[in-house]
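S.K.: Kindly generate the corresponding structure for this input.
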Amino acid sequence: MHYTASLLVLIAAILWGTTGTAQSFFDGTAHPLSIWTFRLAIGGFSLLLFVLVFGKLSVRSIPWPAAMLSAISMALFQPLFFSSVQLTGVAIGTVVTIGSAPVLTGIIEWTALRKKPDRVWAMATLLALVG
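M.R.: Residues are numbered from 1 along each chain as shown. You can find the predicted model right below:
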């Protein structure tokens, strides 16, 4: 079971890492909002189908505030990321996205959870920014 989960995470990372490149290969002008809509619809409905088929969904056990915050964050990320790739190119858009993730995570944790970021966060942020 552990290997299956690791393999699924690896596949997700590979697919996520190719989204900006895939957008650059579109013929014509594909607006970032259309890409975002298709990506979120396919991903969201696939996950919903998965949890329904395998019986992993219990409406009562869903932490709704966290689920809504996650949904809003993903909905905002998609058009912003694809717009940045369209405006700056695949390399810059992707690097800025990856480099800003630990910084924003630490800021959110500090403000929302009132927890100061630890040494692991500082090292990950430093490596992301230097890389």
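S.K.: Okay, helices next: where are they in the chain?
M.R.: Under the criterion DSSP state H, the chain contains helices at 2-17, 19-24, 32-53, 64-88, 90-112, 119-130.
S.K.: and the ones you listed, which is most packed in?
M.R.: helix 19-24 (a mean of 16; mean count of other C-beta atoms under 10 Å). Using the backbone N, CA and C atoms, a C-beta is placed for each residue, glycine as well.
S.K.: Lowest average confidence across the helices of the chain, which one?
M.R.: Note on the helices of the chain: helix 19-24 shows the lowest mean pLDDT, a mean of 67.
S.K.: And residue 89, how far from residue 111?
M.R.: 31 Å (C-beta to C-beta, to the nearest Å).
S.K.: cool, and residue 47?
M.R.: From residue 47 to residue 111 the distance is 28 Å (C-beta to C-beta).
S.K.: middle-most residue in this structure, spatially?
M.R.: The residue lying closest to the centre of the chain (C-alpha atoms, centre = their mean) is residue 74, at 6.4 Å.
S.K.: What residues does it make contact with?
M.R.: Residues near residue 74 by C-beta atoms under 8 Å, 6 or more residues apart in numbering: residue 40.
S.K.: Would you agree residue 36 is in contact with residue 78?
M.R.: Yes. Between residue 36 and residue 78 there is a contact at 3.6 Å, judged by C-beta atoms under 8 Å.
S.K.: The residue nearest to the centre of the chain and residue 117: what is the separation?
M.R.: 23 Å.
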